[in-house]
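Peer 1: here is my input; please provide its structure:
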Amino acid sequence: MADGAELRVPAVTEWAMEMLDPADLRAAPPPEVEMTFSRARVPSPDVSRALYAAVGARVCWTDRFSWTYRDWETWVSRPELGTWLVLAEGTLAGFFELEAQPGGDTEIHLVGLTPAFVGRGCGGHLVEQCVRRAWARGGDWAEHAGPATRVWLRTSTLDHPNALANYRRRGFKVAAEATGPKTVPDPRLAPWPLPDDPRTARTADLVDELIT
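Peer 2: Numbers count the residues shown, from 1 in each chain. Here you go, the predicted structure:
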C-alpha cells in the first residue's frame, strides 16, 4: 500500500451491542421506498466483496482489505453464514451478513445501505429486518445450528453517525465499550488481485483457436 494510505486514528470507540430476547426488537417506521430481502443461496465472493466496498467505503470498513479471493470464498461458503441482498426500485440497496455461532449467539457482521439509499428513511427498516432474520436462525437458515438465544453486533465511531442510535431504537443494548487508537487504511483503496490473470486465459484461448 502506498505511503499515506494508512491513518492512525487516535481515539476510536467500539461498542459490542446485544439483544437477548426477540420480544425486545422494536419495529422501525416504514421506509420511503419498498424494500425486498433475498437470501443469497449461491455464495459469491465477488458479490460479497463488491457490496462490502460499496456499502462500507464511506464508513471505513477496511478490516477485510487484505483478504484474497480465496479468503472471501472460504468465508461466504460456510453453512453457518447467511448473506441477504436488499433491493429497492430495482436496484441493490444494501445487504447484511449473519453468522450462526456456537451456543445460540448470532452475530450481525455487516449491515448497511448503498449510497443512493442513505438518508431516505431506509436504515431503521433494514436493521429491523436483519434482526428478524437473525432470530430466525435454525429455521429459515442455518438449520443445523439450532435457535438463536442472543443477537449481537459491533459498531464504532467510524461507522455511520446514526448507527449507534439506530441500533438502540431497535432494542439493542451496549454490552461492552472500549476506546483506543486504530490504524485505518484509506477506504478508497481496496487491493484485491483477481484469482487468475485474464490475459493468460485469453492467450490460451487464442492458441487453441490457432491450433484448431
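Peer 1: when you work out contacts or count neighbours from here on, use the C-alpha atoms and nothing else.
Peer 2: Will do.
Peer 1: now the strand or helix carrying Glu73, how far from the chain's geometric center?
Peer 2: Using DSSP states H and E, Glu73 sits in helix 69-76. Counting by C-alpha atoms, centre = their mean, to the nearest Å, helix 69-76 is centred 14 Å from the centre of its parent chain.
Peer 1: the chain should start at 46 in everything you say after this.
Peer 2: Taking 46 as the first residue, the last one we looked at is helix 114-121.
Peer 1: pull the contacting residues for the most centrally placed residue in the chain.
Peer 2: In the chain, the residue lying closest to the centroid (C-alpha atoms, centre = their mean) is Leu155, at 2.6 Å. Counting by C-alpha atoms under 8 Å, 6 or more residues apart in numbering, Leu155 makes contact with Phe140, Phe141, Glu142, Leu143.
Peer 1: could you tell me which of those belong to helices?
Peer 2: Using DSSP state H, no member of the contacts of Leu155 falls within helices.
Peer 1: and which of the residues you listed is nearest to Pro90?
Peer 2: Glu142 (12.6 Å; C-alpha to C-alpha).
Peer 1: please tell me how far the closest residue to that closest one other than its chain neighbours sits from Ala145.
Peer 2: Spatial nearest neighbour of Glu142, chain neighbours left out: Thr128 (4.5 Å); criterion: C-alpha to C-alpha, 6 or more residues apart in numbering. Using C-alpha to C-alpha, to the nearest Å, Thr128 is found at 12 Å from Ala145.
Peer 1: higher neighbour count, the two?
Peer 2: Ala145 (27 against 22; other C-alpha atoms under 10 Å).
Peer 1: tell me which helix or strand comes right after the helix or strand harbouring Leu171.
Peer 2: Taking DSSP H and E as the criterion, Leu171 maps to helix 168-180. Sequence-wise, the next helix or strand downstream of helix 168-180 (DSSP H and E) is strand 195-201.
Peer 1: what's in contact with the helix or strand following that following strand?
Peer 2: Remark: after strand 195-201, the chain's next helix or strand is helix 208-215, criterion DSSP H and E. For helix 208-215, contacts defined as C-alpha under 8 Å, 6+ apart pick out Asp69, Leu70, Arg71, Ala72, Ala73, Gly168, Gly169, Val172, Glu173, Thr200, Ser201.
Peer 1: beta partners of the last one?
Peer 2: To tie it back to what came earlier, the one meant is Ser201. Glu59 (DSSP bridges).
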